[in-house]
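Sequence plus the predicted model coming up.
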Amino acid sequence: MLTQVVVNDESAFSKVDLASMVTGVLPPANGGSGGSGGGSTLPSCIQGDLFYATATDTVSTLAKNGTATRYLANTGTSNNPAWGQVNLANGVTGTLPAANGGTGPIPRPAPGWPR
């Protein structure tokens, strides 16, 4: 972006200095965070991290979990996210099919298939 500067009736153009010529928060439509108050700055993160709000205008990071078969769960009264494993006692419904180690019905071969 250029800004026009007029000195002694002479017009010149120069780049906008973002450090000294701009104030406020850049809206998201223009590539900024658009945040208000303390929420305008995101915490540092790396690939795979997730952002979540812990309070109004407060953003935190949940680090990725490199362990296979983790799921994202809400936890406790704060409902902040955390990585967890499925609890078979209370985290699933229905009956696991016998083919997957459960007690559900045994799948039958389709008609015409050898038994």
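Thanks, I have the structure now.

contacts, neighbours, all on C-alpha from now
Will do.

center of the protein - which residue?
Centroid check for the chain by CA atoms, centre = their mean gives residue 50 as the closest residue, at 4.0 Å.

tell me the pLDDT at that one?
Looking at residue 50, its pLDDT stands at 91.

how about stretch 77-96: buried residues?
Residues of stretch 77-96 classed as buried: 81, 83 (neighbour count, 16 or more other CA atoms under 10 Å).

tell me the mean pLDDT for stretch 28-40?
For stretch 28-40, mean pLDDT is 62.

Contacts only, for the closest residue to residue 47 other than its chain neighbours.
Nearest non-adjacent residue to residue 47, counting by CA to CA, 6 or more residues apart in numbering: residue 64, 7.9 Å away. Counting by CA atoms under 8 Å, 6 or more residues apart in numbering, residue 64 makes contact with 47, 48, 49, 50.

chain center to stretch 59-72: distance?
Relative to its chain's centre, stretch 59-72 lies at 10 Å (CA atoms, centre = their mean, to the nearest Å).

Which positions in it come out as buried?
Taking 16+ other CA under 10 Å as the criterion, stretch 59-72 shows 59, 60, 61 as buried.

next one: whatever helix or strand the second one lives in to chain centre, how far?
Element membership for residue 60, per DSSP states H and E: strand 58-62. When distances are taken as CA atoms, centre = their mean, strand 58-62 is centred 10 Å away from the chain's centroid.

Please tell me how far residue 113 sits from residue 23.
Distance from residue 113 to residue 23, counting by CA to CA, to the nearest Å: 73 Å.

Dump the buried residues of stretch 59-72 to a markdown table, plus distance to residue 83 and pLDDT.
Supplementary listing: those in a markdown table, determined by distance: CA to CA, whole Å; pLDDT from 0 to 100:
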| residue | distance to residue 83 | pLDDT |
| --- | --- | --- |
| 59 | 18 | 88 |
| 60 | 15 | 90 |
| 61 | 12 | 92 |
